[in-house]
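**Student:** quick one, fold the following:
(2 chains)
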There are 2 protein chains.
Amino acid sequence: MSYSTTRRNVLRGTVATAALTATATAARTEAAHAAPRSGGTGPNIGILLYDGYSLLDPTGPAEILSRLPDATVTMIGEQRGAVRTDTADVAVVADRSIAEVDRLDVLLVPGAGNRGTVGAMNNQPLLRWIREMHRHTQWTTSVCTGSIVLAAAGLLNGREATTYWASADYLQTTFDVSYVPQRYVRSGKVITAAGVSAGVDMALYLASLLADDDTAQAIQLAIEYDPQPPFDSGNASDASPRMKERALQLLAASQV
Amino acid sequence: MSYSTTRRNVLRGTVATAALTATATAARTEAAHAAPRSGGTGPNIGILLYDGYSLLDPTGPAEILSRLPDATVTMIGEQRGAVRTDTADVAVVADRSIAEVDRLDVLLVPGAGNRGTVGAMNNQPLLRWIREMHRHTQWTTSVCTGSIVLAAAGLLNGREATTYWASADYLQTTFDVSYVPQRYVRSGKVITAAGVSAGVDMALYLASLLADDDTAQAIQLAIEYDPQPPFDSGNASDASPRMKERALQLLAASQV
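**Tutor:** The predicted model follows:
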């Protein structure tokens, strides 16, 4: 049995834009294997990957921001190539090195486990590049402990910010930052998000700033983001000390 | 200025498990660049990547499932190497080819745009591999239009299942499947999730089945999954026809 898009579209409503001639299909297939799009007229969005990041921190926002009209989303690493997560289970490809990127409309710095965060905090070329990008960004953003990396780069001095719940004390006592326990916090052109999954909420907010509310709402529908977690245990301020300890143990045990 | 984990841990509570001697650090750093862990005593979880998948479909669940005690999460492709998303903006590395994997405790099949879904539905070696894995899995799962790929492989005959909201009609009319408009649907050992972000909710449910509720709740806290989207537009049954059309237009325009 064979299935054809000319006979029926799997996604209703895409017929108009997906007129699949043989030529167009070939062009699309080739494009799918090539480097990311560039020269778009929309925002130029760069997501930094560094050794030991948490997988959802860059990929949740990328899923959302790549739906913005004419946006370009690029994964950027110290060098081009695969960059592994904190668990080492998964690698995402950095399609550009920091040396190849000298201007971004939006910078997003993901968080990481302890090893990755401390590594990034002590990586002077990386911090220098973050500072250089920040000079010209429209928005400089972070997810989870990415805000600690922004702080280490000197970008959060005197600002309000959020971070991963277990890192709030470290952020406040190490840097001149006021921790605000919100899902995301905007301070000037800097937007920080809370832990891991908070990047999805922040990215929708960012989408509304880069485009408009209607576009952000359409993207939310496009990714069917109508969250219905089977449990209600994601808020640290409601969690027992035992549950917090268990969460941190699972994290530590899963990380390399 | 330099930051050290021996002085203070960025993530509170990780001190006990993260005793960083020079040797251990070196071992960890090496491991982070190596292939994924194997030989774990926990579930052997395989996530299939195929050309044109949607980024959050595999990565959201991977973030969660990789926190399960002793779990192994492996990204699997037709061949080893980078596999690009529907927008071509991002590539995740398949660390194993389907030829290298002959047994899984859990299989997860992500969804894709129109091109990717139809491509997978017509890919007989891929469908054959899915059927072979399914014979021995504990759980066979999907996200978004991944359920259509499972259906094309013949695994949903006579079952209840869910899928991406815009693909529900296609699923029901093309296959012997009863569409159930829920965030995720369990039918025997098959669990299907709704669109894109629903994989996160499904993965937490799956974590509770693979371990227990307490572990799943701790993982939810570990990824701070306390969703607070800035809008309430993610449920298709509440969306206007205009908003649905806009969502599908954004999807089509972002896809290669």
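**Student:** quick check, A:L171 in contact with A:V180.
**Tutor:** No: at 10.6 Å, A:L171 and A:V180 do not qualify as touching, with contact defined as CB atoms under 8 Å. All C-beta spots, glycine's among them, are computed from the backbone N, C-alpha and C.
**Student:** so what sits against both of these two?
**Tutor:** Here A:L171 and A:V180 have A:A161 as joint contacts, going by CB atoms under 8 Å, 6 or more residues apart in numbering or on different chains.
**Student:** and stretch A:192-208, what's its mean pLDDT?
**Tutor:** The average pLDDT within stretch A:192-208 is 98.
**Student:** that stretch close to chain B?
**Tutor:** Yes: using CB under 8 Å from any CB of the partner chain, we find that stretch A:192-208 touches chain B at A:194-198, A:200-201, A:204-205, A:208.
**Student:** so which residue is smack in the middle of chain A?
**Tutor:** Nearest to the mean C-alpha position of chain A, by CA atoms, centre = their mean, lies A:P58 at 3.0 Å.
**Student:** was I right to think that residue contacts A:P110?
**Tutor:** Yes: shown here, A:P58 and A:P110 form a contact pair, counting by CB under 8 Å, at 4.4 Å.
**Student:** what touches both of the two?
**Tutor:** With CB under 8 Å, 6+ apart, A:P58 and A:P110 have common neighbours A:47-49, A:143, A:199.
**Student:** ok so, going back, give me the buried subset of the residues of stretch A:192-208 next to chain B.
**Tutor:** A:194-198, A:200-201, A:204-205, A:208 (16 or more other CB atoms under 10 Å in any protein chain shown).
**Student:** in helices, which of those residues appear?
**Tutor:** Cross-referencing these against helices under DSSP state H gives A:198, A:200-201, A:204-205, A:208.
**Student:** ok, of these, which one's closest to B:A91?
**Tutor:** For these, the residue nearest B:A91 by CB to CB is A:V200; the value is 20.4 Å.
**Student:** tally of neighbours for the residue nearest to the closest one when sequence neighbours are not counted?
**Tutor:** In this structure, A:V200 finds its nearest non-sequential neighbour in A:G60, 4.2 Å apart by CB to CB, 6 or more residues apart in numbering or on different chains. For A:G60, the tally of surrounding residues (other CB atoms under 10 Å in any protein chain shown) stands at 31.
**Student:** what does A:A71 give?
**Tutor:** A:A71: 24 neighbours (other CB under 10 Å).
**Student:** enumerate every residue touching it.
**Tutor:** A:40, A:42-45, A:65, A:210, B:254.
**Student:** how about A:A222?
**Tutor:** Contacts of A:A222 by CB under 8 Å, 6+ apart are A:67, B:196, B:247-248, B:250-251.
**Student:** all helices for the stretch 151-256 of chain A, in order.
**Tutor:** In the stretch 151-256 of chain A, helices defined by DSSP state H, counting those that start in this stretch lie at A:168-174, A:198-210, A:213-222, A:241-254, listed in chain order.
**Student:** please work out which of the ones you listed is packed deepest.
**Tutor:** Highest mean neighbour count of those: helix A:198-210, a mean of 26 (counted as mean count of other CB atoms under 10 Å in any protein chain shown).
**Student:** what ranges do the strands span in the stretch 51-200 of chain A?
**Tutor:** Per DSSP state E, counting those that start in this stretch, the stretch 51-200 of chain A carries strands over the ranges A:72-77, A:81-84, A:91-94, A:96-97, A:106-109, A:139-143, A:159-161, A:177-179, A:184-187, A:190-193.
**Student:** export the ones you listed as TSV, with columns for mean neighbour count.
**Tutor:** Output for the strands of the stretch 51-200 of chain A, formatted as TSV (neighbours: other CB atoms under 10 Å in any protein chain shown):
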stretch	mean neighbour count
strand A:72-77	24
strand A:81-84	21
strand A:91-94	23
strand A:96-97	16
strand A:106-109	28
strand A:139-143	28
strand A:159-161	21
strand A:177-179	20
strand A:184-187	20
strand A:190-193	28
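**Student:** switch the ones you listed over to JSON lines; also include distance to B:I98.
**Tutor:** Shown next, in JSON lines, are the strands of the stretch 51-200 of chain A (distance: least, CB to CB, whole Å):
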{"stretch": "strand A:72-77", "distance to B:I98": "25"}
{"stretch": "strand A:81-84", "distance to B:I98": "19"}
{"stretch": "strand A:91-94", "distance to B:I98": "18"}
{"stretch": "strand A:96-97", "distance to B:I98": "30"}
{"stretch": "strand A:106-109", "distance to B:I98": "33"}
{"stretch": "strand A:139-143", "distance to B:I98": "32"}
{"stretch": "strand A:159-161", "distance to B:I98": "44"}
{"stretch": "strand A:177-179", "distance to B:I98": "46"}
{"stretch": "strand A:184-187", "distance to B:I98": "39"}
{"stretch": "strand A:190-193", "distance to B:I98": "36"}
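**Student:** contacts only, for the residue lying closest to A:G113 once chain neighbours are set aside.
**Tutor:** Spatial nearest neighbour of A:G113, excluding adjacent residues (CB to CB, 6+ apart): A:D86 at 3.8 Å. By CB under 8 Å, 6+ apart, the residues touching A:D86 are A:52-54, A:112-113, A:115-116, A:254-256.
**Student:** next, give me the two most distant ones among those.
**Tutor:** A:Y53 and A:S254 (13.7 Å).
**Student:** and the gap between the closest residue to chain B within the stretch 51-200 of chain A and B:A152?
**Tutor:** Residue nearest to chain B within the stretch 51-200 of chain A (CB to the nearest CB): A:G195, separated by 3.1 Å. Going from A:G195 to B:A152 by CB to CB, to the nearest Å gives 37 Å.
**Student:** how about A:V143?
**Tutor:** 35 Å.
**Student:** ranges for the helices of the stretch 1-150 of chain A?
**Tutor:** Under DSSP H, counting those that start in this stretch, the stretch 1-150 of chain A gives helices at A:22-33, A:56-65, A:114-121, A:124-136, A:146-152.
**Student:** mind putting those helices into TSV with mean pLDDT and distance to B:V190?
**Tutor:** Formatted as TSV, the helices of the stretch 1-150 of chain A follow (pLDDT from 0 to 100; distance: least, CB to CB, whole Å):
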stretch	mean pLDDT	distance to B:V190
helix A:22-33	41	29
helix A:56-65	98	24
helix A:114-121	97	36
helix A:124-136	98	44
helix A:146-152	98	37
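**Student:** how about JSON lines for the ones you listed, with distance to B:A239 added?
**Tutor:** Converted to JSON lines, the helices of the stretch 1-150 of chain A look like this (distance: least, CB to CB, whole Å):
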{"stretch": "helix A:22-33", "distance to B:A239": "28"}
{"stretch": "helix A:56-65", "distance to B:A239": "17"}
{"stretch": "helix A:114-121", "distance to B:A239": "38"}
{"stretch": "helix A:124-136", "distance to B:A239": "36"}
{"stretch": "helix A:146-152", "distance to B:A239": "32"}
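**Student:** what residues are up against A:L206?
**Tutor:** Counted by CB under 8 Å, 6+ apart, A:L206 has contacts A:61, A:65, A:106, A:139, A:141, A:191.
**Student:** before I go, just wanted to say thanks for your time.
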